[in-house]
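**Q** predicted structure and sequence below. I'll ask about it afterward.
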Amino acid sequence: MRMMGAQGLKRSTEVAILSANYMRKKLEKDYKILYVGKHGFCAHEFIIDTRGFKKTSSIEAHDIAKRLQDFGFHAPTMSWPVANTLMIEPTESEDLGELDRYIEALLIIRQEIRDIEQGRISAGDSPLKHAPHTAAVVSMDNWDRKYSRQVAAFPAPFVVPSSKIWPSVGRLNDQYGDLNLACSCDKVEGF
């Protein structure tokens, strides 16, 4: 904070607020945004309400978060402060290109949800319910998914082989895996 000084902190705050509102505005036609002020603005973060998708497409916040990994993005905060929501908090260090790529990823994901809602694909067959897609899965000899390997691994023009960030682990039983950990390490006595 000392290195930034008062002017630097003020500028950093302004950029964070501007970035969040830029993203919110680009996404508000496709996603319901919670907790905006009386003039429609948010602070340095905004919350995407995904609760309605559960009824219309069986898609939940964790499905979107996992699909974002296929685009090379770390998942945002999930289900806080409202269950089944995503809190997007762009930092002041993200440039406009990165914000636009994140927006594009979320818009492509919204179209994948629409494809389920409109009956073009079932939820269980969609890339959203199989994400994230690892290199091992995409390169299997037997591809039995209802969508292409291209859709799985390279879902947007900015996701290219030369810079692809591959998720190291695919989907693991969602919350069951988090709540029922299985340790594969040696017994404590071995250390």
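**A** Received, thanks.
**Q** pLDDT below threshold where in the protein?
**A** The chain contains residues with pLDDT under 70 at 174-175, 177-178, 181-184, 190-191.
**Q** now do the helices in it.
**A** With helices called from DSSP state H, the chain shows them at 5-27, 51-57, 61-70, 96-117, 127-130, 135-138, 149-153, 175-179.
**Q** residues touching residue 82, list them.
**A** Shown in contact with residue 82 (CB atoms under 8 Å, 6 or more residues apart in numbering): 34, 47, 49, 51. Heads up, the C-betas are built off the backbone N, CA and C, glycines and all.
**Q** do the same with residue 112
**A** By CB under 8 Å, 6+ apart, residue 112 lies in contact with 67, 126, 127, 128.
**Q** with respect to residue 163, which of these is nearest?
**A** Using CB to CB, residue 67 comes nearest to residue 163 of those, at 18.5 Å.
**Q** just to revisit the earlier point, select from the contacts of residue 82 every entry located in strands.
**A** 34, 47, 49 (DSSP state E).
**Q** burial check on residue 121, number of neighbours?
**A** 17 (other CB atoms under 10 Å).
**Q** what's the answer for residue 48, then?
**A** 22.
**Q** just list whatever residues bridge to it.
**A** Legend: beta-bridge partners of residue 48 under DSSP bridges are residue 33, residue 86.
**Q** in terms of contact, does it touch residue 32 like I think?
**A** Yes - using CB atoms under 8 Å, residue 48 is in contact with residue 32, at 7.2 Å.
**Q** distance of the residue lying closest to residue 77 once chain neighbours are set aside relative to residue 48?
**A** In space, residue 77 comes closest to residue 87 once its chain neighbours are excluded; the distance is 4.0 Å by CB to CB, 6 or more residues apart in numbering. Distance of residue 87 to residue 48, computed by CB to CB, to the nearest Å: 8 Å.
**Q** still on that earlier bit, quick one: the contacts of residue 82 as CSV, columns for neighbour count and distance to residue 141 too.
**A** CSV is the format used below for these (neighbours: other CB atoms under 10 Å; distance: CB to CB, whole Å):
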residue, neighbour count, distance to residue 141
34, 15, 45
47, 23, 42
49, 16, 41
51, 14, 39
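**Q** would you format those residues as JSON lines with distance to residue 10 included?
**A** Formatted as JSON lines, those follow (distance: CB to CB, whole Å):
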{"residue": "34", "distance to residue 10": "27"}
{"residue": "47", "distance to residue 10": "25"}
{"residue": "49", "distance to residue 10": "31"}
{"residue": "51", "distance to residue 10": "36"}
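**Q** residue 117: which of those is nearest?
**A** When the contacts of residue 82 are compared against residue 117 (criterion: CB to CB), the nearest one is residue 51, at 14.5 Å.
**Q** OK, contacts around that closest one?
**A** By CB under 8 Å, 6+ apart, the residues touching residue 51 are 82, 83, 84, 85.
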